[in-house]
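[1] Got a sequence here, can you build the structure:
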Amino acid sequence: MRIGNDRRDDFEINVVSLIDVLLTLLMFFVLTTTFVQHARLKVTLPRASAEERELKAEALTVMIDRDGHCYIGSDEVQGSGVEPLKQAIVRVAGEDRERPVVIRADAMTPHQYVVTAMDALGQLGFTRLSIATTPEHGDGKP
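    Presented below is the predicted three-dimensional model:
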């Protein structure tokens, strides 16, 4: 006669369904993740050496003075923001989006004005950007 409960049930955890759920979640996150595009524009970083490169095509010059006034070539852009800048660039450059662009900004220009110019160029499809610098002498003085 058995008085106590001597049943020995084998206790097991079925992990197959847990693995299925985890793989489903993993696939969901992989497929729905937006991959951040870190750089829309290909920017040639400035060099401070005396080395000069020849540009095969006539470069479009975007000049920004200390106060944030933009000039496309020799024409001043009327207004501020991206839209007037884009209109001025289209007037000068036309449909040639492969044309190299040189941004010549004063050393004391706030960074936002340079970023605004780069944004306008990127929205129009320009990818060959470079920032003009002055050569640095060997003694560390410009």
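[2] Low-confidence bits of the protein, can you list those?
    1-9, 34-57, 136-142 (pLDDT under 70).
[3] swap the cut-off to 80 and go again
    Flagging of the chain using pLDDT under 80 yields the residue ranges 1-13, 33-57, 74, 133-142.
[4] In it, spot the helix with the most residues.
    When the chain is parsed with DSSP state H, its longest helix is helix 16-32.
[5] next one: it to chain centre, how far?
    Distance of helix 16-32 from the chain centroid (C-alpha atoms, centre = their mean, to the nearest Å) equals 32 Å.
[6] now Lys86, nearest residue through space, not along the chain?
    Excluding the flanking residues, the one nearest Lys86 by C-beta to C-beta, 6 or more residues apart in numbering is Ala120, at 4.7 Å. (Each C-beta comes from the backbone N, C-alpha and C, glycine too.)
[7] what about that neighbour, how many neighbours?
    24 (other C-beta atoms under 10 Å).
[8] again, but for Pro100
    Pro100 has 18 nearby residues by other C-beta under 10 Å.
[9] Which of the helices or strands spans Ser130?
    If you go by DSSP states H and E, Ser130 is part of strand 129-131.
[10] List the strands paired with that strand, with their directions.
    Partners of strand 129-131 in the sheet, by DSSP bridges, are strand 43-44 (parallel), strand 101-105 (parallel).
[11] Quick check: buried residues in the next helix or strand after the last one?
    Counting by DSSP H and E, the element after strand 101-105 in chain order, helix or strand, is helix 111-124. Judged by neighbour count using 16 or more other C-beta atoms under 10 Å, the buried positions of helix 111-124 are Tyr113, Val114, Thr116, Ala117, Met118, Asp119, Ala120, Leu121, Gly122.
[12] same question, stretch 77-90
    Val77, Leu85, Lys86, Ala88, Ile89.
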